[in-house]
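Novice: Can you look at this prediction? I've put the sequence above it.
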Amino acid sequence: MSVASASIQFFTRLLRYRTKCAVPFHAASRILISPYLPQVFGGNKVLLGTCAQPLRSEEKVTVYFINRDGRKITTSSAKGDSLLDLVVEQNLDIEGFGACEGTLACSTCHVILDQKVYNQLGPITDEENDMLDLAFGLTDTSRLGCQVCLSRDLEGITVRVPDRVNDMRRSDDAGPTL
Amino acid sequence: PSLTVPDSVALVDIYERLPVPFGLVRFGVAPDHPEVKNVINTFTQTAQHARCSFHGNVRVGKDVTVEELQEAYHAVVLSYGAEGNRTMGVPGEDLAGVYSAKDFVGWYNGLPRNSELRPDLSCETAVILGQGNVALDVARILLSPVDILKKTDITQHALDALAESSVRRVLIVGRRGPLQVACTIKELREMVNLPGTRPEMEASEFEGIAETLKSLARPRKRLTELLLKAAIETPGEEELERRNRAERAWGFRFLRKPLEVLPSTDLIRAAGIRLAVNRLEGDGEGVRAVATGEVEDVECGLVISSIGYKSLLIDPAVPFDARKAIIPNTMGRVQQTAGLYCSGWVKRGPTGVIATTMNDSFDTARTLLQDIGKGTLDVSTVKPGSQGVSTLLEKRGVKPVSFSDWEKIDSEETRRGEIKGKPREKMLDVGEMLQVARA
C-alpha cells in the first residue's frame, strides 16, 4: 500500500461526501489505514473507515433506520461501505449525522443495534470506543455508524438512531470540558 | 433544520469580523487534527446555498451596531463565541514567557492578532495550567516531532520556532485530582502514543485511584484506566526501551493551583511558578480542592494558562451577564429583546466540541422557527436585509468579503501549502487576505 493511494482514497472519499454522488470503490483499492502511518496525515491515529470487503453490485442490503422521531426509514444499498455511507448516499434526513465524515473524530453517527447484530460484528477498536465514550445515551449495543460495515449478514437489520446526538465533552459526564 | 418556513422563504446573512470564515474550526482545532475540520465541508455547502450569504470583514458592534442589524432583519442571531480568556489573576502573569492557551493556540493556528506573539521556547520546562483538551493540544504541539507537524497546516513561523525549541518537559497542572481531569481519552491516548516522548508522573498522586475504578461510569473508567497505565504501570520490555530512548517527557501534576509566576533575576521573564498544594474534600460531583497551606516552586521558562475561554460584550445594546460571561437567554431567545437570539458558546458558556455546539445551534434555529410559526416573531413587515446594511457599510468605508472572495483566499492558501507539502499555508495578515480577496 502506498502513501499515494492512501491519499487518493482519502480525497475521493472527501469528494464523495461533498458531492453526495457514489464513487465506485474497487476491492483492490480498499486500504486498511492503520495507526502506524503517522506521517501521512500528520498524526498518530486511525484515519478512515475499516470496511475492507465491499459488496458487489448485485448484493443489495436492506437496512431499516428508526429515526429520532420514531419514524422508520427503509433503505437499501448495493455499496459495501458503512452505515454512515448509506445515510449519506441515500440522503437520509438524520440531523447532524456524521459531522466528521467517518474519521472517528466525533460521535454523531452513534447508532443502537439489536443484541444479536451487535454480537456478530467484529471487535471494536480503542479509537472507536474512545469516541463512543462521548456519545449521548450510550448502550451496551451501541456502535458508531461509520465503523459498521455492510455485508450480506446485515440484510434486514434495524438500526436505531438515539434520541439526542451530543458529543458529551461536558463537565457533568466524563469530566471533560472541551 | 430546513431554512424554509411555510408561506415564506428565509434569507440568511452571516456577518463575520475576519475576512475568513469558520472561527475556531480554523483557528482552534489543532493542526494535527485535520479530520475534526471536515465539518468545513458542511459549512461550505450551507454558505453556498442560494439564500445564504457571507459578509466577512464586518465588525458587528463597530462597523454596524446590533440595533442597526435588528432594524434591517426580522431576526438576529448572535453566535460570536468566546474570544477572551479567564486569567489566573496572580502576580507575574504579565511576565515574558507567560501566555494564555488561547493566544498560544492562535499563534500556531494563524490567528492574525496572535501572529506577533513570538513565544520564547528556549527553556527546558513548560508548565501548562489546566487539564482540558486545549491544554493537551498545547502539550502535544510543544512535544510533537517536527516531521509530523510539517505536514499539517500549522503556520510556518510556529513550525520554525518549534524546530528550534529547547522545551523537553511539559507539566500539565490541575487544581484537583486524577478523577477530575477534564480532557477526553482520545487526546490522552495521543499523548501516551506521542513518538519520542515518555510519561513522567508521581505514583503518590494516584493513591487510592485504582480502587475507585469499578464504581466509575464507562467514559471516566476508561480514561482513568489509561491514565493509571501511563502513570504507574510497569511497562513491558518494548515500551520500556521506547521510553528510555525518548528525549522528551510530559506528565500531569495534580492538586496544584498557581499562586505566582516567579521572575528571572532581571525581572523580565518567567523563571518558575509557585503552586499551592491542595487536597480534595467531599466526593462525587461535590469534590472540591482546598488549600493545605503547603507551597511548591517549579522551575520553568514557559507558562501557559489553559483555564477557559470567556465571551465578551459585543455591543452595549445587547444584554450580557458579566458574571457568567454569557448572553442571558431562554432556549436561545435573548432576554428582554424581541428578535434577538443567540447560540453556541456565547449562549451556554465556552465548553463543548463542534458537534455539541452544532446541535446547540440547531436548537436555537428551532426556537426561532417556532417563534415565527407561533407569530411571536413578526415577519409580516418588509425589511431591507443586507441592502440596508450595505448602504451603511458603504457610507462607513467598509467593504465586505463575500464567500466567493474567501474562496480566492482559500485557493491561494492551498496553493502556497502545496509547495511545502502542507494542506495550506494560512495568511497571517488581514491586509493580505483583503488584497487576495479583491484580486
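Specialist: That came through, no problem.
Novice: by contact count, what packs against whichever strand or helix holds residue B:365?
Specialist: Secondary structure assigned from DSSP states H and E places residue B:365 in helix B:354-374. Of the remaining helices and strands, those touching helix B:354-374 by 3 or more CB pairs under 8 Å, 6 or more residues apart in numbering or on different chains; DSSP states H and E are strand B:4-5, strand B:340-342, helix B:345-348. In this view, the C-beta of every residue, glycine as well, is placed from N, C-alpha and C.
Novice: again, only using 10 Å
Specialist: Here helix B:354-374 is seen to pack against strand B:4-5, helix B:24-27, helix B:39-47, strand B:76-78, strand B:329-330, strand B:333-334, strand B:340-342, helix B:345-348 when contacts are counted using 3 or more CB pairs under 10 Å, 6 or more residues apart in numbering or on different chains; DSSP states H and E.
Novice: Tell me which of those lies nearest to residue B:119.
Specialist: The minimum distance between residue B:119 and those falls on helix B:24-27, with 16.4 Å, by CB to CB.
Novice: Chain A is nearest to which of the helices and strands packed on helix B:354-374?
Specialist: When the helices and strands packed on helix B:354-374 are compared by CB to the nearest CB, helix B:39-47 sits nearest chain A, at 5.2 Å.
Novice: That closest one versus helix B:354-374: what angle between them?
Specialist: Following axes from the mean of the first three to the mean of the last three CA atoms, to 10 degrees, one obtains 20 degrees for the angle between helix B:39-47 and helix B:354-374.
Novice: I'd like the distance from helix B:39-47 to the chain centre, please.
Specialist: Counting by CA atoms, centre = their mean, to the nearest Å, helix B:39-47 is centred 20 Å from the centre of its parent chain.
Novice: That helix: what's the following helix or strand?
Specialist: Downstream of helix B:39-47, the next assigned helix or strand under DSSP H and E is strand B:52-55.
Novice: Who does that following strand pair with, and is each partner parallel or antiparallel?
Specialist: Strand partners for strand B:52-55, identified by DSSP bridges, are recorded as strand B:12-15 (parallel).
Novice: contacts for the strand it pairs with?
Specialist: B:3, B:21, B:43, B:46-47, B:49, B:51-60, B:63-64, B:69, B:72-73, B:75-77, B:79-80, B:365, B:385-386, B:389-390, B:393, B:400, B:403 (CB atoms under 10 Å, 6 or more residues apart in numbering or on different chains).
Novice: Stretch B:216-226: which residues count as buried?
Specialist: Taking 16 or more other CB atoms under 10 Å in any protein chain shown as the basis for neighbour counts, the residues of stretch B:216-226 that come out buried are B:216, B:219, B:220, B:221, B:222, B:223, B:224, B:225, B:226.
Novice: Take the residues you listed and keep only those in helices.
Specialist: Counting by DSSP state H, the members of the buried residues of stretch B:216-226 that fall within helices are B:219, B:220, B:221, B:222, B:223, B:224, B:225, B:226.
Novice: Of the contacts of strand B:12-15, keep whichever come out buried.
Specialist: Of the members of these, the ones counted as buried by neighbours, 16+ other CB under 10 Å, are B:21, B:43, B:47, B:52-58, B:60, B:63-64, B:69, B:72-73, B:75-77, B:79-80, B:365, B:386, B:389-390, B:393, B:400, B:403.
Novice: In JSON lines, list the buried residues of stretch B:216-226 along with pLDDT.
Specialist: As requested, the buried residues of stretch B:216-226 are arranged in JSON lines below (pLDDT from 0 to 100):
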{"residue": "B:216", "pLDDT": "95"}
{"residue": "B:219", "pLDDT": "95"}
{"residue": "B:220", "pLDDT": "96"}
{"residue": "B:221", "pLDDT": "97"}
{"residue": "B:222", "pLDDT": "97"}
{"residue": "B:223", "pLDDT": "98"}
{"residue": "B:224", "pLDDT": "98"}
{"residue": "B:225", "pLDDT": "98"}
{"residue": "B:226", "pLDDT": "98"}
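Novice: All good on my end, thank you.
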